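S.K.: With the input below, show me the fold.
(chains A and B)
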Amino acid sequence: MTYAPENDGKKSFVLDSSSIITIADNCFIRVLRHLSEKEGIEFIIPASVYAESVTTPLAIKRFEFSAVRIRDAVEDGYIRVAGTTPALEGRINEIESHTRDLCSCSGRRIILLQRGEIETLALLKELGSDVLVIDERTTRMLLEEPSALGNFLRKRHRCDVKLDRDSLSYFRRGFGNIKVFRSVELISLAYEDGSFEKEVHKSRQALEAALYAAKFAGCSVSFEEIKKFVSRVRG
Amino acid sequence: MTIERASEDDVDALERIISGEFAYKGFSKEDIFQRVQSPEIAIFKKIIGKELAGFVEVETGPQGALINAITIREKYRMKGHAKELLEYALDYIKVKGYPRVTLLVKSGNGRAKKLYTLAGFGFLGMHDKKIEGADVEVWEKILISRPERDNGYGNVA
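M.R.: Alright, predicted model coming up:
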């Protein structure tokens, strides 16, 4: 008998590569430590995300510093890397099989979810986790607004994109109720609970600058949303 | 036969086992109730028929992952239930990303040591306190090994 998911009362946030790299690139990795200590949040990544965000970039000078920051966070224990279990492998295989036929363009298969995203989703379910933190837009749309995904992909690929109904329904049933955060939401949360101040003085300007930095690092957030984030906070 | 998370409804059954097997802890029902509710503690129970046959208690937090207790009621022993509970607990700890897990075992408890050895645990050192007058050992299992890193002197640590 293998471990079956149950939410254990702790707040578990599962991060994919896109979000953790944005956070590390902008020197906000230690904000996660403060959030973890203050809010009792567990930050967990799957093994493939560790490989994508640490092991591989450690050998590339341009990305090495971010990789070192993430590795240090793992060594300090406020980001943990999930181990593989048979149950987790089973979930990965299941999601992978539904991903295979999810999307096609003029009869040719398009792979929408990469290994890191598949493992992130599998881990999320295995932990019975509260929140997925992901900046990558396609996966977020698949989970949050699958009805808009077709049009988005048609524009992006400029072809007659078809989405498989059964696969879409699988993702809606399995992941329709999860909370999806982006790095910008984590930054806003850190701003509101005071964790942000451990890195920079608290000011609207600092928040706005941090949100723009996240946007330009690849987080899918509009200028309008940034305005809203900034206007919502006090001080 | 199932293994699932113990809830507030299991406090009476847990207390019956704990007051026998772990009497030295002196846990009241209220203590057990609080442990069941604690976000840092997970108690997984083994159900056979409608009976709570045993449990494993896991504690996770900034201090790491610990297996605080594992026990099976006398009449269900020697049937592999403890091994199942232990494996279940190890999967729980592993998927939460804890790289190692420790537990305490009395030096004279050969049966428990055999179970832990078969599960991949090894002796780490002596515990600094005795339990019920007995010497206690700390055992450890590495769940996830990380690649070695440069130690700053051009070598890997």
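S.K.: Residues contacting stretch B:24-32, please?
M.R.: The contact list for stretch B:24-32, computed with C-beta atoms under 8 Å, 6 or more residues apart in numbering or on different chains, reads B:11-12, B:14-15, B:18-19, B:35, B:131-132. For the C-beta atoms, the positions are set from N, CA and C on the backbone; glycine is no exception.
S.K.: Now that stretch: average pLDDT?
M.R.: Per-region confidence: stretch B:24-32 scores 91 on mean pLDDT.
S.K.: is it true that B:H127 touches B:S107?
M.R.: No - assessed by C-beta atoms under 8 Å, B:H127 is found out of contact with B:S107, at 9.4 Å.
S.K.: In stretch B:97-111, which residues are buried?
M.R.: Buried residues in stretch B:97-111, defined by neighbour count with 16 or more other C-beta atoms under 10 Å in any protein chain shown: B:97-99, B:101-106.
S.K.: related to what we said a few turns ago, what do B:H127 and B:S107 both touch?
M.R.: Shared contacts of B:H127 and B:S107, defined by C-beta under 8 Å, 6+ apart, are found at B:135-137.
S.K.: Considering these, which is situated nearest to chain A?
M.R.: B:E137 (24.5 Å; C-beta to the nearest C-beta).
S.K.: pretty sure the closest one is touching B:G108, no?
M.R.: No - if you go by C-beta under 8 Å, B:E137 and B:G108 don't touch, sitting 10.0 Å apart.
S.K.: thinking again about what came up before, out of the contacts of stretch B:24-32, which is most surrounded?
M.R.: B:I18 (23 neighbours; other C-beta atoms under 10 Å in any protein chain shown).
S.K.: Take the buried residues of stretch B:97-111 and write them to CSV, including pLDDT.
M.R.: Formatted as CSV, the buried residues of stretch B:97-111 follow (pLDDT from 0 to 100):
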residue, pLDDT
B:G97, 92
B:Y98, 93
B:P99, 91
B:V101, 97
B:T102, 97
B:L103, 97
B:L104, 96
B:V105, 96
B:K106, 95
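S.K.: Can you convert these into CSV and add a column each for distance to chain A and secondary structure?
M.R.: Converted to CSV, those look like this (distance: C-beta to the nearest C-beta, whole Å; DSSP: H, G, I helix; E, B strand; the rest coil):
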residue, distance to chain A, secondary structure
B:G97, 3, coil
B:Y98, 7, coil
B:P99, 8, coil
B:V101, 11, strand
B:T102, 15, strand
B:L103, 17, strand
B:L104, 21, strand
B:V105, 22, strand
B:K106, 27, strand
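S.K.: what's across from the residue of chain A at minimum distance from chain B in the sheet?
M.R.: Closest residue of chain A to chain B, C-beta to the nearest C-beta: A:R80 (2.8 Å). Per DSSP bridges, the residues bridged to A:R80 are A:I44.
S.K.: quick one: contacts for it?
M.R.: A:R80 makes contact with A:42-45, A:74, B:96-98, according to C-beta under 8 Å, 6+ apart.
S.K.: ok, now B:G61?
M.R.: Neighbour list for B:G61: B:E40 [criterion: C-beta under 8 Å, 6+ apart].
S.K.: Next one: it relative to A:E37, how far apart?
M.R.: B:G61 is 11 Å from A:E37, where distance means C-beta to C-beta, to the nearest Å.
S.K.: do A:V184 as well
M.R.: Distance, A:V184 to A:E37, by C-beta to C-beta: 21 Å.
S.K.: who's more crowded, these two?
M.R.: In this view A:V184 and A:E37 are compared by other C-beta under 10 Å, and A:V184 has more residues nearby, 24 against 13.
S.K.: Verify the stated contact: that one with A:V221.
M.R.: Yes - A:V184 is within contact range of A:V221, at 4.8 Å (criterion: C-beta under 8 Å).
S.K.: Look up how far B:L103 lies from B:L86.
M.R.: 9 Å.
S.K.: Render the CA-only coordinates of the helix or strand that contains B:Q34 in CSV, please.
M.R.: Secondary structure assigned from DSSP states H and E places B:Q34 in helix B:29-37. Below are the C-alpha coordinates for helix B:29-37, written out as CSV (Å, rounded to 0.1, in the frame of the first residue of the first chain):
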residue,chain,number,x,y,z
LYS,B,29,-6.7,11.8,25.5
GLU,B,30,-6.4,15.6,25.2
ASP,B,31,-2.7,15.2,24.3
ILE,B,32,-3.6,12.7,21.6
PHE,B,33,-6.4,14.9,20.3
GLN,B,34,-4.0,17.7,19.9
ARG,B,35,-1.5,15.5,18.1
VAL,B,36,-4.2,14.3,15.7
GLN,B,37,-5.0,17.9,14.9
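S.K.: Return the distance of that helix from the chain's centre.
M.R.: Centroid displacement of helix B:29-37 relative to its chain, using C-alpha atoms, centre = their mean, to the nearest Å, is 17 Å.
S.K.: can I get the CA coordinates of whatever helix or strand comes next after it in PDB?
M.R.: Next helix or strand after helix B:29-37 toward the C-terminus (DSSP H and E): strand B:41-48. Output in PDB follows, covering the C-alpha atoms of strand B:41-48 (Å, rounded to 0.1, in the frame of the first residue of the first chain):
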ATOM      1  CA  ILE B  41       2.100  15.500  13.000                       C
ATOM      2  CA  ALA B  42       0.500  12.900  10.900                       C
ATOM      3  CA  ILE B  43      -0.900   9.700  12.400                       C
ATOM      4  CA  PHE B  44      -1.700   6.900   9.900                       C
ATOM      5  CA  LYS B  45      -3.800   4.100  11.200                       C
ATOM      6  CA  LYS B  46      -4.000   0.500  10.000                       C
ATOM      7  CA  ILE B  47      -7.600  -0.700   9.900                       C
ATOM      8  CA  ILE B  48      -8.400  -4.500   9.800                       C
END
